[in-house]
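*Asks:* Sequence first, then the predicted structure:
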Protein chains: 2
Amino acid sequence: MPAYRTPLRDMRFLLDEVYDFASHYPRLTGVETVDRTLLDGVLEEVARFTEQELFPLNLSGDLEGCRLENGVVSTPRGFKQAYAEFVAGGWTAITGAPEWGGQGLPASVGMLVEELTMTTNLAWAMYPALSHGAMNALEVHGTDEQKDVYLRQLHSGAWTGTMCLTEPHCGSDVGLVRTRAELRADGSYAINGTKIFISAGEHDLAENIVHLVLARLPDAPAGTKGISMFIVPKYLPEGGGIGERNGVSCASLEEKMGIHGNATCVLNFDDAQGWLVGEENKGMRCMFTMMNAARLVVGLQGLGQAEAAYQASTAYALEREQMRALSGPVAPDRPADPIIVHPDVRRMLLTQKALTEGCRALAYHAGMQQDLARNGADPEARALGQKQIDLLTPIVKGFLTEMAMECTNHAVQIFGGHGFIREHGVEQYVRDTRITLIYEGTTQIQALDLIGRKVLFDGGAALTALIAEIEATCAEHRGDEALARYVAEVSRLAAEWGELATDLGRRGMENPDEVGAGAVDFLMYSGYVLLAWCWLRMMAAARQSTQAADAFYTGKLQTGDFFFRRLLPRSALLAATIRDGSDALLSMPAEAFTR
Amino acid sequence: MPAYRTPLRDMRFLLDEVYDFASHYPRLTGVETVDRTLLDGVLEEVARFTEQELFPLNLSGDLEGCRLENGVVSTPRGFKQAYAEFVAGGWTAITGAPEWGGQGLPASVGMLVEELTMTTNLAWAMYPALSHGAMNALEVHGTDEQKDVYLRQLHSGAWTGTMCLTEPHCGSDVGLVRTRAELRADGSYAINGTKIFISAGEHDLAENIVHLVLARLPDAPAGTKGISMFIVPKYLPEGGGIGERNGVSCASLEEKMGIHGNATCVLNFDDAQGWLVGEENKGMRCMFTMMNAARLVVGLQGLGQAEAAYQASTAYALEREQMRALSGPVAPDRPADPIIVHPDVRRMLLTQKALTEGCRALAYHAGMQQDLARNGADPEARALGQKQIDLLTPIVKGFLTEMAMECTNHAVQIFGGHGFIREHGVEQYVRDTRITLIYEGTTQIQALDLIGRKVLFDGGAALTALIAEIEATCAEHRGDEALARYVAEVSRLAAEWGELATDLGRRGMENPDEVGAGAVDFLMYSGYVLLAWCWLRMMAAARQSTQAADAFYTGKLQTGDFFFRRLLPRSALLAATIRDGSDALLSMPAEAFTR
């Protein structure tokens, strides 16, 4: 089993020294009582649970996987007990509304819990995480009766949820959904069709599963304008508990590259009874409510996997002895030096450290924006928070997962041959991470969402506001000689970010493919700029610490410097390719690709 | 099963139009009779075998894996029959010396065979490939008697070979080997120890397995100067066949990320009888003979996996329909457009195409250098060829495998969720490719070999010669207006390549860590420069074609242009980090890495 402990020091550094969460909550409405004591209590309890209960089940869950027998799915050994403990601890809905049994804590606190579960056992953590999407959708779009029947059960964790979107012929393009919904005499609907890739679609953790299903009414218009959302429970609700089995069943489990401990199901709906959520043909709105929160969580999955991989490879690099340092033995009494003496091992470790810590800082910033959107003191504050979290969501999802792929691969490389075998659990991080770049919208879908819906659609207002915030940070630290070159770089990039967006928008008016061609590079560019901003804030906080001699703070400053010197220059390449336009991509005829 | 057919058109373009192999062979000694007819015959027969026999076993072999029962390893269904057919076809030693039953064909022809077997079934192809290393080592370092006993059997494929280097505590650092060899009265040695990660270490394809084992004599000096190599057959040779079972056994099979069809063994040597190869304590020389050829083959593995992944994702992109082109429907009669209309799908396909075709061109160039080294017309030609293949080997190994990792990941991304499940066989390419960056020396080991042993050790002579060759290509095409910008870029980079090497050497004299810090970036930089050179040659050949209207040639020119515009600029980042030095990597204290 790889080495792991909760990165509490780094988390607290952000919470206390960089963002000062203790003074953030009192500025909100409805969560003013959240203080450092509460935060510490949450962190310590979740740290214990995830280190001691979830982490030991990560490798065994991967090796064992899920089993389907006679329509019943068994999760790996220990998953059920861990879920029961999670439920007993009241963790399933800590951000949920108290009226349904939630704890009413702010989104940023829920994020800390999700980060740590995703770090220690991604496959397991998806079971409770999928419920959140269902809760969000029902809270916003459900009828009072639906809320009454389903929300309490989902909040308590007695029931879990799913998102049933994908069908064999449609993934990214949900407008092609064919699953049919026909009105029945009692006002409910008969649902027929097949859904694939349904995470947590069938399992033995909870007594019931609430499927939120995209389907099409008989007279629905074609495309996304004809999609409706339905609640389709595995067991029909009855008297506050469960009644008859509904017509939904797991036809098979997908064999897949990773997340073996999560049941990825083919679900058949055979005259299953369902109930409309929201309005007819307005299912896309419900889906986005469900999806947007889920996208942030997937970003946390990337962050978590990268953290776990970083810790494993750091421990290995300090312990594994191979060859001597080029500049002479560092441990002359040992048969060889620890591999952390080798510059390229350090390059890989520093890359992981700089990206992981930067991504964590970005995630927590996003968490604060989520808090503002939900609990801002006034409508204006809430609107601003919502604007920014809308803008950040595709970046957090897309960039954090792409970075996680790079980081987990470095971890395997540091382990060498021992990284390729399953025993050490490191190659699992690569396999588990791989899906995070795909589900809940691929990097490519995030990129189009970012530049199209989140940047250009509002004429760049949200981006302009964020750039102003970045510029304010720069202004604050411009006087600090030691930070001058970082400040100058962040300031320059923030301005360039706006220019690139304007330029893409201008070119896109003439040719929409220009936007498509630059979208992914723009998303990645955005990620690097935001990480530079986060690193500047972390470096400033580290310099202000009274314990400046502590290796933690010198490490922060050096890691930040590494980020600016070695990783941030990638933004120049991205800016150049965005400017290069669509011609290099589109001029080749499709047949010239075929061998 | 993913789509695949032998990339004959691209292979023949290189053989005929870019490099003109038909006029290359007559300039060599001993292989003058190799002509286009022979090449075509080889290509067609290997294409048939690999498409029809090996490729269908790739996915099933991955799903099934190898089994160990009572010390006996069973390979996946069909592997044994395919190997028997390969043996019957005389393919196991087509480059081997006729006196041992080889066909005496040049190295470049063997490379084509290896490329196609590695493309279609990496796990299977490793069984015969491992034999090559053993053959090379014995041919150069074996006694006449050893050659007589072993080489004929290895050449015929009746026996296979292995390389037994790694032990639990030593991988990259073979100087730490602990396996013991003690002289016995009859002049043979008793071998005791445990080797791990032994590919093809035990299997059911051949009647005997010839292990080449690194071990240490009782009085051997410490480190690499005390390593000797031994032949340790699974069955002792007797009367031209096999006799008693030797004291070597498979203790377990590693469970691993990929190459499930290849048996990765823990081998126990218990008083196994072995015979010294070469001189006592000079085992490293034997190892490098074995290893250098193997490293080129691993580069071909990367190329092959990237090719297979490219083909699969191209076919999928042409067939899968999701969403409309941003600039309006391309297939209005269909429910959606094929995803190849989306610019970012094209970016990923073009990246794969440009890298795969560029890497193939580099591999074939390396193949010609191998031919020169072995069959050059005079000693000077052979020495020059040897110098260049020595220089190219770590680049081909390191760069082609790193590129393959990028390419196979793009293929998964194009498949989306369907790429993550095992059914389509695309995620397997990522998992199988992952080991190629590690075994036979990690990218990091290749990088140190390149800058240290291959560039700086001879004062840059080999590099200078290669740069002159590149400059000659530039001079040849400088008059072609259409190629002007590519020529200028290649010429500039070739010069910069030399400067970077000189600079690293100069800084390394004061601080060896400077070399270690820049090594991997220098290797990657070298790869991009060489690919630019290869693309220039391909573009020039495409322009000279009489069938210029053929989509193949326009595709070549456009793919080359994409390489120069979108991928080659990465070299600027690499040059900058090489120049940035070791400080950013080494200044942080080791304890600051730990959480």
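*Replies:* It's in.
*Asks:* can stretch A:477-492 be found next to chain B?
*Replies:* No - residues of stretch A:477-492 are not located near chain B by Cβ under 8 Å from any Cβ of the partner chain, the shortest gap being 13.4 Å. (Glycine included, C-beta is placed from N, CA and C.)
*Asks:* gap between that stretch and the chain center?
*Replies:* Centroid separation for stretch A:477-492 versus its chain: 30 Å, with Cα atoms, centre = their mean, to the nearest Å.
*Asks:* and for that stretch, what are the contacting residues?
*Replies:* A:470-471, A:473-474, A:529, A:532-533, A:535-536, A:539-540, A:543, A:560, A:564, A:568 (Cβ atoms under 8 Å, 6 or more residues apart in numbering or on different chains).
*Asks:* what about 7 Å?
*Replies:* A:470-471, A:474, A:532-533, A:536, A:539-540, A:543, A:564, A:568 (Cβ atoms under 7 Å, 6 or more residues apart in numbering or on different chains).
*Asks:* Can you flag the buried ones in those?
*Replies:* Using 16 or more other Cβ atoms under 10 Å in any protein chain shown as the burial test, the contacts of stretch A:477-492 include A:470, A:474, A:532-533, A:536, A:539-540, A:564, A:568 as buried.
*Asks:* Could you measure from A:Thr162 over to chain B?
*Replies:* Distance, A:Thr162 to chain B, by Cβ to the nearest Cβ, to the nearest Å: 15 Å.
*Asks:* Now do the helix or strand harbouring A:Ala462: distance to the chain's middle.
*Replies:* Secondary-structure assignment from DSSP states H and E places A:Ala462 in helix A:461-477. Centre-to-centre, helix A:461-477 and its host chain are 24 Å apart (Cα atoms, centre = their mean).
*Asks:* which residues in the stretch 401-550 of chain A form helices?
*Replies:* A:417-420, A:427-434, A:443-448, A:461-477, A:484-510, A:512-544 (DSSP state H, counting those that start in this stretch).
*Asks:* Those into a markdown table, with extra columns for distance to B:Leu362?
*Replies:* Converted to a markdown table, those look like this (distance: least, Cβ to Cβ, whole Å):
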| stretch | distance to B:Leu362 |
| --- | --- |
| helix A:417-420 | 25 |
| helix A:427-434 | 27 |
| helix A:443-448 | 29 |
| helix A:461-477 | 42 |
| helix A:484-510 | 34 |
| helix A:512-544 | 26 |
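*Asks:* Relative to chain B, how far out is A:Asn281?
*Replies:* For A:Asn281, the distance to chain B - Cβ to the nearest Cβ - is 18 Å.
*Asks:* no, scratch that, I was asking about A:Asp270
*Replies:* Taken as Cβ to the nearest Cβ, the span from A:Asp270 to chain B is 23 Å.
*Asks:* burial of that residue, as a residue count?
*Replies:* 13 (other Cβ atoms under 10 Å in any protein chain shown).
*Asks:* residues near the nearest residue to it once chain neighbours are set aside, how many?
*Replies:* What sits nearest to A:Asp270 in space, not counting adjacent residues and going by Cβ to Cβ, 6 or more residues apart in numbering or on different chains, is A:Gly247, at 4.4 Å. For A:Gly247, the number of neighbouring residues by other Cβ under 10 Å comes to 18.
*Asks:* got a list of what A:Gly247 touches?
*Replies:* Contacts of A:Gly247 (Cβ under 7 Å, 6+ apart): A:269-272.
*Asks:* what's the burial count for A:Gly243?
*Replies:* A:Gly243, neighbours per other Cβ under 10 Å, totals 12.
*Asks:* Please read the previous query as pertaining to A:Val18.
*Replies:* For A:Val18, the neighbour count with other Cβ under 10 Å is 21.
*Asks:* Over to A:His169?
*Replies:* 15.
*Asks:* what about A:Phe55, distance to A:Tyr4?
*Replies:* Using Cβ to Cβ, to the nearest Å, A:Phe55 is found at 6 Å from A:Tyr4.
*Asks:* And for A:Cys170?
*Replies:* 38 Å.
*Asks:* can you check A:Arg48 too?
*Replies:* Taken as Cβ to Cβ, the span from A:Arg48 to A:Tyr4 is 13 Å.
*Asks:* and the two? which has more neighbours close in?
*Replies:* A:Tyr4 (22 against 11).
*Asks:* Mind listing residues that contact stretch A:395-410?
*Replies:* By Cβ under 7 Å, 6+ apart, stretch A:395-410 touches A:295-296, A:298-299, A:302-303, A:305-306, A:309-310, A:313, A:348, A:351-352, A:355-356, A:359, A:362-363, A:366, A:429-430, A:433-434, A:436-437, A:440-441, A:443, A:446-447, A:450, A:523-524, A:526-527, A:530.
*Asks:* remind me, longest strand of chain A?
*Replies:* strand A:264-277 (DSSP state E).
*Asks:* got the end-to-end distance for stretch A:365-384?
*Replies:* Between the opening and closing residues of stretch A:365-384 lies a distance of 14 Å (Cα to Cα, to the nearest Å).
*Asks:* who's in contact with A:Met538?
*Replies:* A:18, A:361, A:556, A:560.
*Asks:* let's go with 10 Å and repeat that
*Replies:* A:10, A:13-14, A:17-18, A:357-358, A:360-361, A:553, A:556-557, A:559-560, A:563 (Cβ atoms under 10 Å, 6 or more residues apart in numbering or on different chains).
*Asks:* and what of A:Leu63?
*Replies:* A:76, A:260-261, A:422-423, A:425, A:428, B:255 are the contacts of A:Leu63 under Cβ under 10 Å, 6+ apart.
*Asks:* Near the residue nearest to A:Arg324 when sequence neighbours are not counted, how many other residues are there?
*Replies:* What sits nearest to A:Arg324 in space, not counting adjacent residues and going by Cβ to Cβ, 6+ apart, is A:Asp337, at 5.3 Å. If you count neighbours by other Cβ under 10 Å, A:Asp337 ends up with 21.
*Asks:* how about the residue lying farthest from the centre of chain A, phi and psi?
*Replies:* Computed with Cα atoms, centre = their mean, the residue of chain A farthest from its C-alpha average is A:Asp333, at 45.3 Å. A:Asp333 adopts backbone torsions of phi -80, psi -10, taken as degrees, to the nearest 10.
*Asks:* ok, now A:Lys195?
*Replies:* According to degrees, to the nearest 10, A:Lys195 has phi -110, psi 140.
*Asks:* Also A:Glu244?
*Replies:* According to degrees, to the nearest 10, A:Glu244 has phi -70, psi 150.
*Asks:* That one reaches A:Asn208, doesn't it?
*Replies:* No - with contacts counted by Cβ atoms under 10 Å, A:Glu244 stays clear of A:Asn208, the gap being 11.6 Å.
*Asks:* So which of the two has more stuff around it?
*Replies:* A:Asn208 (20 against 10).
*Asks:* For chain B, what is the nearest residue in the stretch 101-250 of chain A?
*Replies:* A:Asp173 (4.0 Å; Cβ to the nearest Cβ).
*Asks:* Please list all residues in contact with that residue.
*Replies:* A:223-224, A:445, B:320-324, B:335-337, B:339.
*Asks:* ok, and the closest non-adjacent residue to it?
*Replies:* Counting by Cβ to Cβ, 6+ apart, the residue nearest A:Asp173 is B:Gln322, at 4.0 Å.
*Asks:* now the one you found: how far from B:Ala336?
*Replies:* 5 Å.
*Asks:* Lovely, talk soon.
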